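> take a look and give me a structure for this.
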Amino acid sequence: MGKVAIFGGSFDPVHKAHLQIAQLALQCFDLKKIVFVISSISPHKTEYYAKLENRISMLKLVTKDMQRTDLSLYEAQRQKIGYSYQTLDYFHSLYPTDEICMIIGSDSLLSLPTWKNIDYLVKQYRFIVAKRPKIKINKDTKYLDRCVFIDKVIQDVSSTQIRTLIKEDSTKVTSFLDKNVYAYIIQNGLYR
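As a prediction, this is how the structure comes out:
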(Lines give C-alpha, C1' and ligand atoms only; values in the text may rest on other atoms or scores of the structure.)
Protein backbone atom coordinates (compact mmCIF):
# COMPACT_ATOMS: atom_id res chain seq x y z
CA MET A 1 0.00 0.00 0.00
CA GLY A 2 1.27 3.44 -0.96
CA LYS A 3 0.03 7.00 -0.95
CA VAL A 4 -1.29 8.68 -4.09
CA ALA A 5 -1.83 12.43 -3.88
CA ILE A 6 -4.28 14.23 -6.13
CA PHE A 7 -3.26 17.78 -7.01
CA GLY A 8 -6.22 19.47 -8.67
CA GLY A 9 -6.48 22.94 -10.08
CA SER A 10 -7.14 25.16 -13.03
CA PHE A 11 -3.39 25.70 -13.61
CA ASP A 12 -4.18 28.93 -15.46
CA PRO A 13 -1.16 29.03 -15.85
CA VAL A 14 0.85 26.41 -14.00
CA HIS A 15 3.70 28.16 -12.15
CA LYS A 16 6.78 27.42 -10.06
CA ALA A 17 4.87 27.38 -6.77
CA HIS A 18 2.73 24.50 -8.11
CA LEU A 19 5.91 22.62 -8.95
CA GLN A 20 7.48 23.46 -5.60
CA ILE A 21 4.41 22.09 -3.79
CA ALA A 22 4.56 18.85 -5.79
CA GLN A 23 8.29 18.36 -5.20
CA LEU A 24 8.02 19.07 -1.47
CA ALA A 25 5.03 16.74 -1.10
CA LEU A 26 6.95 13.95 -2.83
CA GLN A 27 9.95 14.49 -0.56
CA CYS A 28 8.11 14.96 2.74
CA PHE A 29 5.43 12.28 2.57
CA ASP A 30 7.00 9.39 0.65
CA LEU A 31 4.28 9.47 -1.97
CA LYS A 32 3.97 6.72 -4.55
CA LYS A 33 2.90 9.40 -7.03
CA ILE A 34 1.18 12.73 -7.52
CA VAL A 35 -1.58 13.00 -10.08
CA PHE A 36 -2.15 16.48 -11.47
CA VAL A 37 -5.86 16.83 -12.27
CA ILE A 38 -6.73 19.79 -14.46
CA SER A 39 -10.24 21.12 -14.03
CA SER A 40 -12.59 21.99 -16.83
CA ILE A 41 -15.44 23.47 -14.81
CA SER A 42 -14.74 24.20 -11.16
CA PRO A 43 -17.39 25.07 -8.57
CA HIS A 44 -14.97 27.67 -7.15
CA LYS A 45 -14.02 29.46 -10.38
CA THR A 46 -16.19 31.68 -12.51
CA GLU A 47 -13.95 31.82 -15.57
CA TYR A 48 -10.74 30.58 -17.13
CA TYR A 49 -8.33 32.78 -19.06
CA ALA A 50 -6.64 30.21 -21.27
CA LYS A 51 -8.41 27.47 -23.17
CA LEU A 52 -8.38 24.01 -21.67
CA GLU A 53 -6.06 22.68 -24.38
CA ASN A 54 -3.52 25.44 -23.62
CA ARG A 55 -3.63 24.71 -19.88
CA ILE A 56 -3.13 21.00 -20.59
CA SER A 57 -0.19 21.74 -22.90
CA MET A 58 1.50 23.94 -20.29
CA LEU A 59 1.02 21.33 -17.58
CA LYS A 60 2.45 18.64 -19.87
CA LEU A 61 5.53 20.78 -20.47
CA VAL A 62 6.41 20.90 -16.77
CA THR A 63 5.39 17.40 -15.73
CA LYS A 64 6.90 15.36 -18.57
CA ASP A 65 10.24 14.96 -16.79
CA MET A 66 8.99 14.97 -13.19
CA GLN A 67 9.47 11.68 -11.40
CA ARG A 68 6.45 9.96 -9.83
CA THR A 69 3.87 12.27 -11.42
CA ASP A 70 1.00 11.75 -13.81
CA LEU A 71 -1.40 14.08 -15.54
CA SER A 72 -5.08 13.17 -15.55
CA LEU A 73 -7.78 14.63 -17.76
CA TYR A 74 -10.53 13.01 -15.68
CA GLU A 75 -12.19 16.30 -14.69
CA ALA A 76 -11.41 18.00 -18.00
CA GLN A 77 -13.17 15.29 -19.99
CA ARG A 78 -16.30 15.32 -17.83
CA GLN A 79 -17.38 18.72 -19.21
CA LYS A 80 -19.46 19.48 -16.11
CA ILE A 81 -18.79 20.79 -12.63
CA GLY A 82 -16.55 18.39 -10.80
CA TYR A 83 -16.48 18.09 -7.04
CA SER A 84 -13.46 16.93 -5.09
CA TYR A 85 -15.26 14.03 -3.44
CA GLN A 86 -16.15 12.64 -6.89
CA THR A 87 -12.59 13.03 -8.13
CA LEU A 88 -11.07 11.37 -5.07
CA ASP A 89 -13.60 8.53 -5.25
CA TYR A 90 -12.66 8.01 -8.90
CA PHE A 91 -8.96 7.75 -8.05
CA HIS A 92 -9.74 5.49 -5.12
CA SER A 93 -11.41 3.15 -7.63
CA LEU A 94 -8.22 3.23 -9.76
CA TYR A 95 -5.90 2.68 -6.79
CA PRO A 96 -8.02 0.65 -4.35
CA THR A 97 -5.08 -0.57 -2.26
CA ASP A 98 -3.46 2.86 -1.91
CA GLU A 99 -4.28 5.73 0.41
CA ILE A 100 -5.67 8.62 -1.61
CA CYS A 101 -5.08 12.15 -0.36
CA MET A 102 -5.47 15.61 -1.80
CA ILE A 103 -2.96 18.44 -2.04
CA ILE A 104 -4.42 21.86 -1.23
CA GLY A 105 -3.14 25.28 -0.22
CA SER A 106 -3.76 26.71 3.23
CA ASP A 107 -6.24 29.15 1.66
CA SER A 108 -8.29 26.14 0.48
CA LEU A 109 -8.10 24.61 3.94
CA LEU A 110 -9.92 27.65 5.28
CA SER A 111 -12.67 27.23 2.68
CA LEU A 112 -13.11 23.46 3.17
CA PRO A 113 -16.34 23.86 5.17
CA THR A 114 -18.01 25.21 2.00
CA TRP A 115 -17.04 22.25 -0.20
CA LYS A 116 -19.70 19.88 -1.50
CA ASN A 117 -20.18 16.77 0.68
CA ILE A 118 -17.38 17.92 2.96
CA ASP A 119 -18.32 15.59 5.83
CA TYR A 120 -17.98 12.57 3.55
CA LEU A 121 -14.79 13.95 1.97
CA VAL A 122 -12.95 14.49 5.26
CA LYS A 123 -14.11 11.15 6.64
CA GLN A 124 -12.73 9.25 3.63
CA TYR A 125 -9.61 11.23 2.72
CA ARG A 126 -6.74 13.24 4.17
CA PHE A 127 -5.18 16.46 2.94
CA ILE A 128 -1.61 17.55 2.33
CA VAL A 129 -1.57 21.29 2.93
CA ALA A 130 0.92 23.70 1.40
CA LYS A 131 1.46 26.74 3.60
CA ARG A 132 0.80 29.94 1.68
CA PRO A 133 2.32 33.19 2.88
CA LYS A 134 -0.05 35.51 4.74
CA ILE A 135 -2.64 32.74 5.35
CA LYS A 136 -3.06 32.13 9.07
CA ILE A 137 -4.08 28.68 10.26
CA ASN A 138 -4.81 28.30 13.96
CA LYS A 139 -5.62 25.36 16.21
CA ASP A 140 -9.36 25.99 15.82
CA THR A 141 -9.31 25.63 12.04
CA LYS A 142 -11.93 23.07 11.07
CA TYR A 143 -10.70 19.69 9.77
CA LEU A 144 -7.15 20.34 10.95
CA ASP A 145 -7.05 16.77 12.27
CA ARG A 146 -7.39 15.48 8.69
CA CYS A 147 -4.35 17.41 7.47
CA VAL A 148 -0.60 17.11 7.29
CA PHE A 149 1.44 20.17 6.41
CA ILE A 150 4.38 20.71 4.12
CA ASP A 151 6.93 22.32 6.47
CA LYS A 152 8.28 24.90 4.06
CA VAL A 153 6.25 27.97 3.10
CA ILE A 154 5.80 28.06 -0.67
CA GLN A 155 6.69 30.88 -3.02
CA ASP A 156 4.28 33.80 -2.72
CA VAL A 157 2.68 33.81 -6.16
CA SER A 158 -0.69 33.09 -7.71
CA SER A 159 -1.91 32.51 -11.24
CA THR A 160 -3.88 35.77 -10.95
CA GLN A 161 -0.67 37.72 -10.23
CA ILE A 162 1.09 36.03 -13.11
CA ARG A 163 -1.69 36.87 -15.58
CA THR A 164 -1.50 40.50 -14.44
CA LEU A 165 2.28 40.61 -14.90
CA ILE A 166 1.96 39.12 -18.39
CA LYS A 167 -0.69 41.67 -19.31
CA GLU A 168 1.59 44.46 -18.04
CA ASP A 169 4.49 42.93 -20.02
CA SER A 170 6.55 42.78 -16.83
CA THR A 171 9.87 40.96 -16.92
CA LYS A 172 9.25 39.88 -13.29
CA VAL A 173 6.95 37.14 -14.56
CA THR A 174 9.86 34.99 -15.72
CA SER A 175 10.91 34.35 -12.11
CA PHE A 176 7.53 32.69 -11.43
CA LEU A 177 7.26 30.50 -14.53
CA ASP A 178 9.13 27.56 -15.97
CA LYS A 179 10.98 28.82 -19.05
CA ASN A 180 9.08 26.42 -21.34
CA VAL A 181 5.73 27.58 -19.97
CA TYR A 182 6.75 31.21 -20.43
CA ALA A 183 7.81 30.52 -24.04
CA TYR A 184 4.50 28.73 -24.67
CA ILE A 185 2.52 31.68 -23.27
CA ILE A 186 4.40 34.18 -25.44
CA GLN A 187 4.23 31.98 -28.55
CA ASN A 188 0.48 31.52 -28.16
CA GLY A 189 -0.33 35.08 -27.10
CA LEU A 190 -1.98 33.99 -23.85
CA TYR A 191 -3.16 36.33 -21.07
CA ARG A 192 -2.76 39.51 -23.14
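> give me the below-cutoff pLDDT ranges for this protein.
Within the chain, the stretches with pLDDT under 70 are 41-46.
> could you pull out the helices for this protein?
Taking DSSP state H as the criterion, the chain carries its helices at 16-29, 52-63, 74-78, 84-94, 106-111, 118-124, 159-167, 179-187.
> what helices or strands is the third one leaning on?
Secondary-structure packing of helix 74-78 (3 or more C-beta pairs under 8 Å, 6 or more residues apart in numbering; DSSP states H and E): strand 33-38, helix 84-94. Heads up, the C-betas are built off the backbone N, CA and C, glycines and all.
> go with 6 Å
For helix 74-78, the contact count by 3 or more C-beta pairs under 6 Å, 6 or more residues apart in numbering; DSSP states H and E identifies strand 33-38 as packing neighbours.
> just so I know, which of the helices of the chain lies nearest residue 139?
Counting by C-beta to C-beta, residue 139 lies closest to helix 106-111 out of the helices of the chain; the figure is 12.9 Å.
> ok, residues contacting the closest one?
129, 131-132, 135, 137 (C-beta atoms under 6 Å, 6 or more residues apart in numbering).
> which among those residues end up buried?
Those of the contacts of helix 106-111 that meet the buried threshold are 129, 131-132, 137, by 16 or more other C-beta atoms under 10 Å.
> nearest to residue 147, of these?
Looking across those and measuring by C-beta to C-beta, the closest to residue 147 is residue 129, at 4.9 Å.
> ok, now which ones touch that closest one?
104, 106, 109, 147, 149.
> can you flag the buried ones in the residues you listed?
Buried among the contacts of residue 129 by 16+ other C-beta under 10 Å: 104, 106, 109, 147.
> so what's the second one closest to, chain neighbours aside?
To tie it back to what came earlier, the one meant is residue 106. Computed as C-beta to C-beta, 6 or more residues apart in numbering, the closest residue to residue 106 that is not its neighbour in sequence is residue 135, at 4.2 Å.
> and of the buried ones among the contacts of helix 106-111, the nearest to residue 34?
Nearest member of the buried ones among the contacts of helix 106-111 to residue 34, counting by C-beta to C-beta, is residue 129, at 14.4 Å.
> who's the closest one bridged to?
Beta bridges link residue 129 to residue 104, residue 149 when assigned by DSSP bridges.
> how far away is it from residue 69?
19 Å (C-beta to C-beta, to the nearest Å).
> what of residue 9?
For residue 9 relative to residue 69 (C-beta to C-beta), the value is 14 Å.
> where does the residue nearest to residue 106 fall, phi/psi-wise?
Note on residue 135: backbone dihedrals following degrees, to the nearest 10 are phi -100, psi 120.
> residue 40 reaches residue 76, doesn't it?
Yes. With contact defined as C-beta atoms under 6 Å, residue 40 counts as touching residue 76 (4.4 Å).
> overlap of the contact sets of these two?
Counting by C-beta under 6 Å, 6+ apart, the residues touching both residue 40 and residue 76 are residue 52.
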